[in-house]
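Enquirer: predicted model follows, preceded by the sequence.
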Amino acid sequence: MTNKAESTLVDIFWRRVEQTPERTAIMFKQGGSYQNMNWKTHGEKTAQFQRALMACGVEPQNKIGIMSQNRPEWTWADLAILSCGAVTVPIYPTLNSEEACFQIDHSDLTGIFVENEKQLAKILESCEIPHKSLKFIAMFEGDCLEKPNEILIYNAFDFPNLGKGKIDDESLAKRREAVNENDLASIVYTSGTTGVPKGAMLLHRNIYAVLNDLCDLCKFRDSDIAFSFLPFSHVYERVGGQFLTIFQGIPLAYAESMESVPANLAEVRPTVLNAVPRFYEKAYQRVQAQIKHLPAAQQTFTRWAIGIGKRATRQKLKAKVAPDILDRIYKTELRIADKLVFSKIRERFGGRLRMMTSGAAPLANEVHIFFEAIGMQIIEGYGLTETCAPLACNTLEDNKFHTVGKALPSCEVKLGKDNELLVRGANVFAGYYKNDEATKDAFDHDGFFKTGDIAEIDDQGYIRITDRKKDIIITSGGKHVAPQLIENLFKGEPLISHVVIYGDRRKFITALISLNQEGVKSFCEKNGIKLANFDEAFENEKIKDEIDKTVQEKNSKLASFEKIKHYCILKEEFSVENNELTPTMKVKRKVVIEKHKEMLDNLYEKDDLQAQTT
């Protein structure tokens, strides 16, 4: 077991501040350009927040929430909470009032940081005031003009100065030193794709185990710069972005917003990036759409270059030809393709990315091969909130496509009943907050956590996730259908945003299809289709024919009982705001199907009517 001085998030951060005070810690946009902040100043900001929290009466193991988009204050608040020996409870800023207040109430928050007036309003308008435990709210920006008497609300100017002259440095240090590796560090609520969110309790040593493993596997360089745009509210980016960069001592650059990610990438020119499959799929679709707008000769050359890259990549992956021989065979072509095509695509991402990770959902193979072909390596990993995110990952040196890599050194994995992936190790959570029944159900009799995912493990230890156990469809004919297997076939298709498969206890498989607006616009421009508005796309015969052609092409790869017999094209893309996607862009299958249940049922009634008339 590691000793206390090496196994808490608090010690990791303050040791980094002490060891490399002048090196860049974070980068953020201010005054129109990115500013660097060194570890010394980063530590001073965190200490200021810790002093203020202690002045507010925060005690060890009190629960403090953060409801905000990523920004430096998010990190200072998080590290200050932990430095007080308290527990951070991240709350997605995209949640509606009811959802946010459920987590505030259930987690017994003493205080909460909110980004602005919009987030504050969710609490004041929808939560019962006075709240049973909530004593204060601190704002990162803005102010509250009408403050209720029942709760203290501090604006962005007042809060950081609360502890000035009241809490001395010795008191700060004593509180930090008292933090233990077995202390609760965070309660992170699951995304709720299958029901009411549960609060996963993560200990300091759970998160430390993952950080220690990842640093050994990822081989970071002193020159690396990480770019962060996924929400810290999700354990994937908070552990794999915020905490991992502290552990390793490399700069973390904050995106201004989701909309500004392309521009920010060009400004920061990072080398490391965490993302979800939807990010890569949209980037791939944009490149494909832009190619179609090139002059004919340039379009032909670009497609030739990408084709050469993909061909070389596929042959390398199939190991039919040794890599050094492949390099000789394609040396001239790849050099030309790289100079004139690939390098220009890479430049749109800043031009320096050497390691990109993908998690939270499966990455489409066609998209993966494209990025590999142009020299942008993506490594897939897999994990859950309950395992502090990654429990398995590929590496740059050992990257096996169609898998999420091997289990981390501190993890033990095996397949249980129905091939469910089971995991046991130092990274596995301590249970669900105030939910003993769910905690008991989450583990088997040997202490293995039941992930709920169906998997395969090959003889080399590589893990392949095939579907969610709860999502498996059993048709009325008794056939087992894995919906993700079918849905993943459509990823990267230019006209299609999402596909959701349906058919449990039904005679055949049906689907909901949402359109990709950018892809539709590009298709219309190429085919001379003029639309007054996007709604007309759903009635356009050429677009419907192209969608049907795509569905039939995918059907040709499926067994008869897996084929999509009927489908509906939806008039809106799924969104977080409409509660159809989680903040990490995973489809809330249960919500989507319930919302469109009548439409789906009509597809089966339609088939019955057709059968009666033949």
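Expert: Arrived safely, thanks for sending.
Enquirer: residue 71 reaches residue 28, doesn't it?
Expert: Yes. If you go by CB atoms under 8 Å, residue 71 and residue 28 touch, sitting 7.2 Å apart. All C-beta atoms are positioned from the backbone trio N, CA, C, and that covers glycine.
Enquirer: which neighbours do those two have in common?
Expert: By CB atoms under 8 Å, 6 or more residues apart in numbering, residue 71 and residue 28 have these common neighbours: residue 254.
Enquirer: CA atoms only for stretch 46-56, dumped as PDB, please.
Expert: Extracted C-alpha coordinates of stretch 46-56, given in PDB (Å, rounded to 0.1, in the frame of the first residue of the first chain):
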ATOM      1  CA  THR A  46      -6.600  27.600  -4.300                       C
ATOM      2  CA  ALA A  47      -5.500  28.700  -0.800                       C
ATOM      3  CA  GLN A  48      -7.600  31.800  -1.100                       C
ATOM      4  CA  PHE A  49     -10.700  29.600  -1.800                       C
ATOM      5  CA  GLN A  50      -9.800  27.200   1.000                       C
ATOM      6  CA  ARG A  51      -9.400  30.100   3.500                       C
ATOM      7  CA  ALA A  52     -12.900  31.400   2.500                       C
ATOM      8  CA  LEU A  53     -14.500  27.900   2.800                       C
ATOM      9  CA  MET A  54     -13.000  27.500   6.300                       C
ATOM     10  CA  ALA A  55     -14.300  31.000   7.200                       C
ATOM     11  CA  CYS A  56     -17.700  29.800   6.100                       C
END
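Enquirer: state the mean pLDDT of it.
Expert: Averaged over stretch 46-56, pLDDT sits at 97.
Enquirer: kindly report the same for stretch 107-114.
Expert: Taken as a whole, stretch 107-114 has an average pLDDT of 96.
Enquirer: from residue 381, how far off is the closest residue to residue 413 other than its chain neighbours?
Expert: Excluding its sequence neighbours, the residue lying closest to residue 413 (CB to CB, 6 or more residues apart in numbering) is residue 407, at 4.5 Å. The spacing between residue 407 and residue 381, counted by CB to CB, to the nearest Å, is 11 Å.
Enquirer: looks to me like residue 36 is in a helix.
Expert: No. Assessed by DSSP: H, G, I helix; E, B strand; the rest coil, residue 36 does not belong to a helix; its assignment is strand.
Enquirer: residue contacts, it?
Expert: Taking CB under 8 Å, 6+ apart, one finds 24, 26-27, 251 in contact with residue 36.
Enquirer: if I look at it, how far off is residue 232?
Expert: For residue 36, the distance to residue 232 - CB to CB - is 20 Å.
Enquirer: returning to that earlier point: need the overlap of contacts for residue 407 and residue 381.
Expert: With CB under 8 Å, 6+ apart as the test, residue 407 and residue 381 both reach residue 392.
Enquirer: contact partners of stretch 21-34?
Expert: 16, 35-43, 71-72, 75, 225, 246, 249, 251-254, 256, 264, 267-268.
Enquirer: of these, just the buried ones, PyMOL syntax please.
Expert: Buried subset of the contacts of stretch 21-34, written as a PyMOL selection, criterion 16 or more other CB atoms under 10 Å:
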select buried, resi 16+37+38+39+42+43+71+72+75+225+246+249+251+252+253+254+256+264+267+268
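Enquirer: could you give the number of residues near residue 148?
Expert: Residue 148 has 12 neighbouring residues, counting by other CB atoms under 10 Å.
Enquirer: my guess is it meets residue 124, correct?
Expert: Yes. Using CB under 8 Å, residue 148 is in contact with residue 124, at 6.7 Å.
Enquirer: need the overlap of contacts for those two.
Expert: By CB under 8 Å, 6+ apart, no residue touches both residue 148 and residue 124.
Enquirer: tell me how many other residues surround residue 116.
Expert: 17.
Enquirer: distance of it from residue 271?
Expert: 32 Å.
Enquirer: give me the subset of the contacts of stretch 21-34 lying in helices.
Expert: Within the contacts of stretch 21-34, residues falling in helices by DSSP state H are 16, 39-43, 72, 75, 246, 264, 267-268.
Enquirer: return the member of the residues you listed nearest to residue 55.
Expert: residue 43 (18.5 Å; CB to CB).
Enquirer: surely that closest one touches residue 17?
Expert: Yes. At 3.6 Å, residue 43 and residue 17 qualify as touching, with contact defined as CB under 8 Å.
Enquirer: before we move on, which element is residue 26 in?
Expert: Secondary structure from DSSP states H and E places residue 26 in strand 24-30.
Enquirer: er, residue 501 I mean
Expert: Short version, using DSSP H and E: residue 501 is in strand 496-502.
Enquirer: what comes into contact with that strand?
Expert: Here strand 496-502 has contacts from 473, 481, 483, 486-487, 490, 509-517, 519, 547, 550, 564, 573-574, 587, 589, 592-593, 600, using CB under 8 Å, 6+ apart.
Enquirer: and the ones in helices among the contacts of stretch 21-34 as CSV, adding distance to residue 355 and pLDDT?
Expert: Listed next are the ones in helices among the contacts of stretch 21-34 as CSV, based on distance: CB to CB, whole Å; pLDDT from 0 to 100:
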residue, distance to residue 355, pLDDT
16, 21, 96
39, 22, 98
40, 28, 98
41, 27, 98
42, 23, 98
43, 27, 98
72, 24, 97
75, 22, 98
246, 18, 97
264, 18, 96
267, 19, 96
268, 15, 97
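Enquirer: and the residues you listed as TSV, adding distance to residue 184?
Expert: Converted to TSV, the ones in helices among the contacts of stretch 21-34 look like this (distance: CB to CB, whole Å):
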residue	distance to residue 184
16	22
39	26
40	29
41	29
42	24
43	23
72	25
75	20
246	19
264	34
267	38
268	34
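Enquirer: and which of those residues is nearest to residue 399?
Expert: So of these, ranked by how close each gets to residue 399 (CB to CB), first place is residue 268, at 24.4 Å.
Enquirer: if I pick the closest one, what's in contact with it?
Expert: Counting by CB under 8 Å, 6+ apart, residue 268 has contacts 27, 34, 225, 227, 253, 350.
Enquirer: out of the residues you listed, who's nearest residue 386?
Expert: For those, the nearest to residue 386 is residue 227 (26.6 Å; CB to CB).
Enquirer: coming back round to it: ramachandran coordinates for the residue nearest to residue 413?
Expert: phi -60, psi 150 (degrees, to the nearest 10).
Enquirer: correct me, but it touches residue 461?
Expert: Yes. Counting by CB under 8 Å, residue 407 touches residue 461, with 6.9 Å between them.
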